[in-house]
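> would you be able to build a 3D model of this:
(one chain, ligands or ions: 1)
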Amino acid sequence: MVKAIVGANWGDEGKGKITDLFAESADVVVRFQGGANAGHTIINDYGRFALHTLPSGVFYPNITNIIGNGVALDIHKLISELQSLEESNVPKPHLIVSDRAHVLMPYHILLDSYEEDRLAGKAYGSTKSGIAPFYSDKVSKIGIQVNELYDDALLKERLEKVCELKNALIVHLYHKDPLDPNTLYEEMVLQRELIRPYIGNVSAFLRKALQEGKTVLLEGQLGTMKDPDFGIYPMTTSSNTLAAYGCIGAGIPPRYLKDILAVTKAYSSSVGGGDFVSEIFGEEADELRIRGGDKGEFGATTGRPRRVGWFDAVATRYGAEMQGATEVCLTCLDVLSYLDEIKICTAYEIDGETTKEFPVTHLLKDAKPVYTTLPGWKCDIHGITDINLLPKEALAYVDFIEKEIGVPIKLFSTGPKRHEIIYRTPKIDLI
Ligand code: GDP
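Model prediction:
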């Protein structure tokens, strides 16, 4: 069976921790979209890791970790992540990279940062990891699949063509030095040797594993609000972040996808631009930002301070529904322990009308949050794993959110470590 673990919000919901937890009883963990532009933080017996490209199953020797065809494959980043695991004494993970994954090329990173510089104040807040140029090329059919790196004639021909096109932009729009196809070819010859041991037919592997009754986790990157179709376009990412895309980005027949766990945080956070209705500012925000996550709300990839706000039930209900969530995990409940009272955004007011429906992007700028205020619990719940030890106000907060979002919150997390988790009874099977 297949279980997808995906974000209901803007990303950084804590999917890495939850995938690492569920991986305990899985056979395969798959990354199916995105690239090294976001990070999953995992804290376990080996230490603290920010994984950008590797699936969160890499800490278990029995798991096959997969980079699906939907991922933007940054070969250097992947190899350096593998090296950093080795330096922390993590046993060498079993990894397969789809032979159909496209390669994130050096010029994707260049073009991403040239374009962000050109847009200056009007930039999208890209992490400059090359993700938007990468996916544009894939759709424009000038991308390079990793299997194509091993056909010299084909690779040279593709690079010639790409350089001709890219250089028109690089020289005339960005006023930078042109790309040289021969230098690029030499670079890619080096990269293809680094990745060679990992390449395989991922879809065939997964179809066989599923026929044999294996359990597969699909690990989403970012969340619904960053989906290019259903999120806050254009302040989105460039690949679909919804569980439905997991089947395409991994190569899995959709009928296997039964279980969709949407992860959401007990408050809101977002990196990058875009309207964020329940955002808070000033000292109130600074305090939440510093107390948030395991080391404050700062980007795992960029270190950028994340924007923070109250729990947004409008965005999360929509986010969970669009994911097709069968269950929800609420993370970072412990973070709110310092508050006397806690606000939850339960509706938006747009042009004098109150709505619980998440609107199209351009209406968000006029949306005002409608809040319900609940009492805080004012005691430290960090690391609690027994539901009976939770203060009643904390449980009431979870119950309230569950009612608002309309999907059962089957587990909630009280700390960043693997087993700092509370299961609602009856305890859900890990798989
Ligand atoms: P992801 O991309 O969805 O995996 O999320 P990130 O790793 O970018 O951000 C989540 C942050 O919250 C990380 O710093 C995690 O270590 C941390 N975290 C996850 N669950 C909890 C929790 O229950 N409590 C606290 N305090 N931190 C958590």
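> show me what Leu411 is bridged to.
Cys329, Tyr423 (DSSP bridges).
> what about it, neighbour count?
Around Leu411 there are 21 other residues, counting by other C-beta atoms under 10 Å. For the C-beta atoms, the positions are set from N, CA and C on the backbone; glycine is no exception.
> surely it and His419 touch.
No. Counting by C-beta atoms under 8 Å, Leu411 sits too far from His419 to count as a contact (11.5 Å).
> tell me how far Asn201 lies from the ligand.
For Asn201, the distance to the ligand equals 28 Å [C-beta to the nearest ligand atom, to the nearest Å].
> correction: Glu193
31 Å.
> quick one: secondary structure of that residue?
With DSSP: H, G, I helix; E, B strand; the rest coil as the basis, Glu193 sits in helix.
> what about it, how many neighbours?
Count around Glu193 with other C-beta under 10 Å applied: 12.
> state the distance from it to Gly220.
Using C-beta to C-beta, to the nearest Å, we find Glu193 at a distance of 31 Å from Gly220.
> same check on Lys15?
As judged by C-beta to C-beta, Lys15 and Gly220 stand 6 Å apart.
> what's the overlap in contacts for those two?
Counting by C-beta atoms under 8 Å, 6 or more residues apart in numbering, the residues touching both Lys15 and Gly220 are Ile5, Val6, Gly7.
> the second one belongs to a strand?
Yes. When three-state DSSP is applied, Val6 is found to be in a strand.
> surely it touches Asn240?
No. The criterion here is C-beta under 8 Å, and Val6 misses it with Asn240 at 10.6 Å.
> in terms of neighbours, single out the busier of these two.
Set side by side, Val6 and Asn240 show more neighbours around Val6, with 33 against 24, by other C-beta under 10 Å.
> for the residue lying closest to that one once chain neighbours are set aside, grab the count of nearby residues.
Distance criterion C-beta to C-beta, 6 or more residues apart in numbering; nearest residue to Val6, sequence neighbours excluded, is Gly220 at 3.5 Å. The local packing of Gly220 (other C-beta under 10 Å) involves 33 other residues.
> three-state assignment of Gly220?
Under three-state DSSP, Gly220 falls in the strand class.
> and the pLDDT for it?
For Gly220, the pLDDT comes out at 96.
> could you do Asp45 as well?
88.
> give me phi/psi at it?
Torsion angles at Asp45 (phi, psi; degrees, to the nearest 10) stand at phi -60, psi -20.
> can you report how many residues lie near it?
Residues within reach of Asp45, counting by other C-beta under 10 Å, total 8.
> and the gap between Thr385 and the ligand?
Using C-beta to the nearest ligand atom, one obtains 11 Å as the distance from Thr385 to the ligand.
> what are the ranges of the helices in the stretch 151-300 of the chain?
Per DSSP state H, counting those that start in this stretch, the stretch 151-300 of the chain carries helices over the ranges 152-172, 181-195, 202-211, 243-250, 282-291.
> which ones are touching Ala262?
So Ala262 contacts Val6, Gly7, Ala8, Gly319, Ala320, Gln323, Ala325, Glu327, Val328, Cys329, Val407 (C-beta under 8 Å, 6+ apart).
> same thing but 6 Å
Val6, Ala8, Ala320, Gln323, Ala325, Val328 (C-beta atoms under 6 Å, 6 or more residues apart in numbering).
> put the buried members of the residues you listed into a PyMOL selection.
Listed next is the PyMOL selection for buried residues among the contacts of Ala262, using 16 or more other C-beta atoms under 10 Å:
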select buried, resi 6+8+320+323+325+328
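> which of the contacts of Ala262 sit farthest apart?
Across the contacts of Ala262, the longest distance by C-beta to C-beta is 10.6 Å; it joins Val6 and Val328.
> make sure Asn69 is indeed in a strand.
No. Checked against three-state DSSP, Asn69 lies outside a strand; its state is coil.
> and for it, the neighbour number?
A count of neighbours around Asn69, defined by other C-beta under 10 Å, yields 22.
> gap between Leu155 and Met188?
Taken as C-beta to C-beta, the span from Leu155 to Met188 is 6 Å.
> joint contacts of the two?
Joint contacts of Leu155 and Met188 (C-beta under 6 Å, 6+ apart) are Leu149.
> who touches Thr385 in this structure?
Contacts for Thr385 (C-beta under 6 Å, 6+ apart) come out as Ile422.
> name the SS class of it, please.
From three-state DSSP, the assignment for Thr385 is coil.
> for it, give me the pLDDT.
Model confidence at Thr385, given as pLDDT, is 96.
> for Tyr124, same thing?
pLDDT at Tyr124 comes out at 66.
> can you check the one 10 residues further on too?
Note on Phe134: pLDDT of 97.
> tell me which element it falls in.
For Phe134, the element it lies in under DSSP states H and E is helix 131-139.
> dump that helix to CSV, restricted to CA.
Below are the C-alpha coordinates for helix 131-139, written out as CSV (Å, rounded to 0.1, in the frame of the first residue of the first chain):
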residue,chain,number,x,y,z
ILE,A,131,13.8,25.1,-9.7
ALA,A,132,11.7,27.4,-11.9
PRO,A,133,14.1,27.3,-14.9
PHE,A,134,14.4,23.5,-14.4
TYR,A,135,10.7,22.8,-14.6
SER,A,136,10.2,25.3,-17.4
ASP,A,137,12.8,23.4,-19.5
LYS,A,138,11.2,20.1,-18.7
VAL,A,139,7.8,21.3,-19.9
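> so what's the residue nearest to Val6 up against?
Val6, Gly7, Thr241.
> one more time with 8 Å
By C-beta under 8 Å, 6+ apart, the contact set of Gly220 is Ala4, Ile5, Val6, Gly7, Lys15, Phe32, Gln33, Thr241, Leu242, Ala243, Gly246.
> looking at those residues, which one is closest to His40?
Nearest member of the contacts of Gly220 to His40, counting by C-beta to C-beta, is Lys15, at 6.1 Å.
> distance check, the closest one against Asp380.
25 Å.
> comparing these two, which residue is more hemmed in?
Lys15 (27 against 11).
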